[in-house]
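*Asks:* Need coordinates for the below:
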Amino acid sequence: MERKNILLIGFMGTGKSTVSAQLKKMLGMKEIDTDALIVEQEGMTISDIFAQKGEEAFRNMETDLLRRLKDEKNLIVSCGGGMALRDENASIMKEAGTVVWLTATPETILKRVKNDDSRPLLRGNKNVEFIGDLLEKRRPKYEAASDISVETDGRSVQDICEEIISRLSE
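*Replies:* Numbers count the residues shown, from 1 in each chain. Sure thing, here's the model as predicted:
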């Protein structure tokens, strides 16, 4: 059975990659991680893209990628944390499928990303205050872009995926 795409959005550390991998197993859909795909296409890390080409160039790459994916079916797309910030991206995502916003508290996010140095926006800012502020700034964009939101704090991946699947069939 052909399914509508599921696009996972949310702040870094909310579990998009982990949840998409589990959804792939449970639903038998194809999985795409937009950050990984851009890294592969560009032959450099996201940190290097930010450093050498700038954030704007990276955001353009995200938009181009979304445009290419929007007519495909049966995809679970794990979107980079900032992808929903552009209004253009948000509308392409809505066209492409159901947009699921994964949420977590700043404390949970910090716990999940504290040992990860591949995140350019957190360089020197791994603290609850910084994460909380950035989260609040982005919240309206995530809300506007999403069809449903699912909390991930203190829950198993299986539990989160089951909630997503049941809400998609409502």
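*Asks:* Looking at the longest helix along the chain now, give me its mean pLDDT.
*Replies:* The longest helix of the chain (DSSP state H) is helix 128-145. Mean pLDDT, computed over helix 128-145, is 93.
*Asks:* In terms of secondary structure, what does that helix contact?
*Replies:* Judged by 3 or more Cβ pairs under 8 Å, 6 or more residues apart in numbering; DSSP states H and E, helix 128-145 is in contact with helix 87-96, strand 97-103, helix 106-113. To be clear about C-beta, it is placed using only N, CA and C from the backbone, and glycine gets the same treatment.
*Asks:* so which of these comes closest to residue 158?
*Replies:* strand 97-103 (14.5 Å; Cβ to Cβ).
*Asks:* any weak-confidence spans in this structure?
*Replies:* The chain contains residues with pLDDT under 70 at 1-2, 117-123.
*Asks:* Switch the helices and strands packed on helix 128-145 over to CSV; also include distance to residue 35.
*Replies:* Converted to CSV, the helices and strands packed on helix 128-145 look like this (distance: least, Cβ to Cβ, whole Å):
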stretch, distance to residue 35
helix 87-96, 14
strand 97-103, 15
helix 106-113, 14
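*Asks:* most packed of these?
*Replies:* Neighbour counts (mean count of other Cβ atoms under 10 Å) averaged over each of the helices and strands packed on helix 128-145 peak at strand 97-103, with a mean of 22.
*Asks:* the inter-axis angle of that one versus helix 128-145?
*Replies:* Inter-element angle recorded for strand 97-103 and helix 128-145: 160 degrees (by axes from the mean of the first three to the mean of the last three Cα atoms, to 10 degrees).
*Asks:* Strand 97-103 pairs with which strands, parallel or anti?
*Replies:* Strand 97-103 sits in its sheet next to strand 5-9 (parallel), strand 148-151 (parallel), going by DSSP bridges.
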